[in-house]
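Visitor: sequence plus the predicted model coming up.
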Amino acid sequence: MGRRRAPELYRAPFPLYALQVDPSTGLLIAAGGGGAAKTGIKNGVHFLQLERINGRLSASLLHSHDTETRATMNLALAGDILAAGQDAHCQLLRFQAHQQKGNKAEKAGSKEQGPRQRKGAAPAEKKCGAETQHEGLELRVENLQAVQTDFSSDPLQKVVCFNRDNTLLATGGTDGYVRVWKVPSLEKVLEFKAHEGEIEDLALGPDGKLVTVGRDLKASVWQKDQLVTQLHWQENGPTFSSTPYRYQACRFGQVPEPAAGLRLFTVQIPHNRLLPQCQGAWKGVLPGSLRTGIGDNEHFIVCCSESGTFLGLGTVTGSVAIYIAFSLQACLYPEFAHGIVVTDVAFLPEKGRGPELLGSHETALFSVAVDSRCQLHLLPSRRDVPVWLLLLLCVGLIVVTILLLQSAFPGFL
């Protein structure tokens, strides 16, 4: 397969590390930056407006929120609140978007101007928030609470996620501790040591269950701070050699109807890069109910579509893949979509403005990478055969069979 890249949806002026899509407004939120180093590379959170123009999905910069010297490395979304991992801290942001009547002058609180700002419009800086009016859509972003979430010698928050009712958020980082906070006050309600070393990923599931994966090769299921069980992938899946695998990512995904419940997806990476990478789907988070898929690349990040039908994966080599969640079979594999490691992926929501933006495609996956680009990957709709046509074919087959039997055995009827 050739190294043909997907069409570029958006390019930021800094490396991109995190991505979210707001279902109610259809805003694509991409964040990153160059950090505190004085390299001239900015840090920010970009709010992109998604639109269908001439039958194609496009993105334009609606608002740029300046994060000063802090690069945003991870994001979680709960309604109109963003939780941004910035160095050793978690910063909450609130954004509000609504339509405006008529065309008004733009007001920008960041140091960057959107691509549709009128020439000569000078941005006005504010300490606590910023407001942008853009072709009838007004967006206001304000900083809420912030708290330090990691306390290692080289502190870094590596992951953040909300629970299902958006009242709590959990953070994990390089010190191996899970900390749970109230939203939006960021009052700490739980803290415990989950791993020896860095926490790679965590996921909040049903009934208060929490799944964590770490650099210590362990994947653990917790009920508050009590260990419920550990996942042993190599005992339940294929074994390629004695070389251990470590868990890289974990996500809960909805089980499509008519079944109900959640399925846990994990990504396993071998220490020996010559061995294949694998992903597993755990039903009920039980070690005995594992379905495994094998890949030929090292997956770095995973996400699940809203209905639980598809999985999106990004790799360290810049490739992106869409898998069928039930069978773990790849149905779209844009190889080398980025020139470097894919840092985050997100599906276009299936509710809100999602169907309007999706058009005739079955699903859409966004990806960002350190190459500063945001890419769009569209999965064409699979053509289903109508029920009436199937019935007609069955009736025709029965008639042909009867005629053949009658010709071969006269008097059969």
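Guide: Ah, there it is. Residues are numbered from 1 along each chain as shown.

Visitor: which residues in the stretch 151-300 of the chain form strands?
Guide: Using DSSP state E, counting those that start in this stretch, the strands found in the stretch 151-300 of the chain span residues 157-162, 168-173, 177-182, 188-193, 199-204, 209-214, 219-223, 226-230, 245-254, 262-270, 277-283, 290-295, 299-304.

Visitor: and the angle for the third one with strand 168-173?
Guide: Between the direction of strand 177-182 and that of strand 168-173, the angle (axes from the mean of the first three to the mean of the last three Cα atoms, to 10 degrees) works out to 160 degrees.

Visitor: what packs against strand 177-182?
Guide: If you count contacts as 3 or more Cβ pairs under 8 Å, 6 or more residues apart in numbering; DSSP states H and E, strand 177-182 packs onto strand 168-173, strand 188-193, strand 199-204. Bear in mind the C-beta positions are built from the backbone N, C-alpha and C, glycine included.

Visitor: want to throw those strands into a markdown table with mean neighbour count?
Guide: As requested, the helices and strands packed on strand 177-182 are arranged in a markdown table below (neighbours: other Cβ atoms under 10 Å):
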| stretch | mean neighbour count |
| --- | --- |
| strand 168-173 | 25 |
| strand 188-193 | 12 |
| strand 199-204 | 23 |
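
Visitor: Cys374 is nearest to which of these?
Guide: The minimum distance between Cys374 and the helices and strands packed on strand 177-182 falls on strand 199-204, with 21.7 Å, by Cβ to Cβ.

Visitor: mean confidence (pLDDT) on the closest one, please.
Guide: The average pLDDT within strand 199-204 is 95.

Visitor: could you list the low-confidence segments of the stretch 301-413 of the chain?
Guide: Of all residues in the stretch 301-413 of the chain, those with pLDDT under 70 make up the ranges 382-386, 412-413.

Visitor: 50 instead?
Guide: Counting by pLDDT under 50, the stretch 301-413 of the chain contains no low-confidence range.

Visitor: and for Glu68, the neighbour number?
Guide: 11 (other Cβ atoms under 10 Å).

Visitor: quick one: contacts for the nearest residue to it once chain neighbours are set aside?
Guide: Leaving aside its sequence neighbours, Glu68 sits nearest to Asn43 (Cβ to Cβ, 6 or more residues apart in numbering; 6.5 Å). For Asn43, the contacting residues are 14, 32-35, 66-72, taking Cβ atoms under 8 Å, 6 or more residues apart in numbering as the criterion.

Visitor: for Asn43, give its distance to Leu348.
Guide: In this structure, Asn43 lies at 26 Å from Leu348, with Cβ to Cβ, to the nearest Å as the measure.

Visitor: any weak-confidence spans in this protein?
Guide: Looking along the chain with the criterion set at pLDDT under 50, you get 1-3, 103-127, 240-241, 275, 283-290.

Visitor: domains of it?
Guide: Here the domain assignment for the chain is 1-99+138-148+329-382, 159-296, 386-412, based on the TED database.

Visitor: quick one: closest of these to Ser305.
Guide: Across the domains of the chain, the minimum distance to Ser305, taken as Cβ to Cβ, is reached by domain 1-99+138-148+329-382, at 4.5 Å.

Visitor: centroid residue for this structure?
Guide: In the chain, the C-alpha closest to the average C-alpha coordinate belongs to Ala346, at a distance of 3.3 Å (Cα atoms, centre = their mean).

Visitor: element containing that residue, please.
Guide: When secondary structure is defined using DSSP states H and E, the element that contains Ala346 is strand 342-347.

Visitor: what packs against that strand?
Guide: Contact partners of strand 342-347 among helices and strands, from 3+ Cβ pairs under 8 Å, 6+ apart: strand 16-21, strand 299-304, strand 310-315, strand 363-369.

Visitor: all set now, cheers.
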